[in-house]
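Peer 1: structural data only, the sequence is not supplied:
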C-alpha cells in the first residue's frame, strides 16, 4: 500500500485552486507504482532529503496536462511540486528554485 503525502509548500496553491486534483495525482502515482514507474523520469540532479526527485505528467480536464515532481522511498511517495509548465527545461528550473528555498 502506497503512502502518498503532499508537501504543503509546493502543492498548497495548486490544490487550493483545484481540490479534485489530489485524487487525480494519487490515482496517477498509484498507476505508475503498479507499472514500475514506466512513465517517470528524473526531474533534476538535486536531491530532496537524500532521495532522487522524479517527475511524471498527470492529465486532468480541469487544468489540462501538468507535471508533478515527487520523491519516493519504498512505499512512501512525497509529492513535492506541481506545475502546468510542460516544457521539461522550464519545469526543471521552477523545481530547482523551489528546492533551493527549502
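Peer 2: On my side now, so go ahead. Only a predicted model underlies this, so the values are computations on that prediction, with no experimental measurement involved.

Peer 1: rest of the way, CA atoms for contacts and neighbours
Peer 2: Noted.

Peer 1: so residue 6 makes contact with residue 82?
Peer 2: No: between residue 6 and residue 82 there is no contact under Cα atoms under 8 Å: 10.2 Å.

Peer 1: would you mark the buried spots in the lowest-mean-pLDDT helix or strand in the chain?
Peer 2: None of the helices or strands of the chain scores lower by mean pLDDT, DSSP states H and E than helix 8-17, at a mean of 90. Of the residues in helix 8-17, those with enough neighbours to count as buried (16 or more other Cα atoms under 10 Å) are 10, 11, 14.

Peer 1: what's near enough to touch the first one?
Peer 2: Residues counted as contacts of residue 10 (Cα atoms under 8 Å, 6 or more residues apart in numbering) are 80, 81, 82, 98.

Peer 1: next: the last one.
Peer 2: Residues in contact with residue 14 (Cα under 8 Å, 6+ apart) are 82, 83.

Peer 1: low-confidence ranges, the chain, go.
Peer 2: Applying pLDDT under 70 to the chain flags no residue at all.

Peer 1: tell me the helices in the protein, going along the chain?
Peer 2: Across the chain, reading from the start of the chain, the helices by DSSP state H fall at 8-17, 21-34, 88-100.

Peer 1: helices or strands up against the last one?
Peer 2: Counting contacts by 3 or more Cα pairs under 8 Å, 6 or more residues apart in numbering; DSSP states H and E, helix 88-100 is packed against strand 41-48, strand 76-83.

Peer 1: again, only this time at 6 Å
Peer 2: Helices and strands in packing contact with helix 88-100 are not found; criterion 3 or more Cα pairs under 6 Å, 6 or more residues apart in numbering; DSSP states H and E.

Peer 1: show me what counts as buried in it.
Peer 2: Those buried within helix 88-100 under the rule 16+ other Cα under 10 Å are 91, 92, 95, 96, 99.

Peer 1: from those, which is closest to residue 41?
Peer 2: Distances from residue 41 to the buried residues of helix 88-100, taken as Cα to Cα, are shortest for residue 92 (11.5 Å).

Peer 1: circling back: put together TSV for the helices of the chain, with distance to residue 60 on each row.
Peer 2: Shown next, in TSV, are those (distance: least, Cα to Cα, whole Å):
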stretch	distance to residue 60
helix 8-17	13
helix 21-34	7
helix 88-100	18
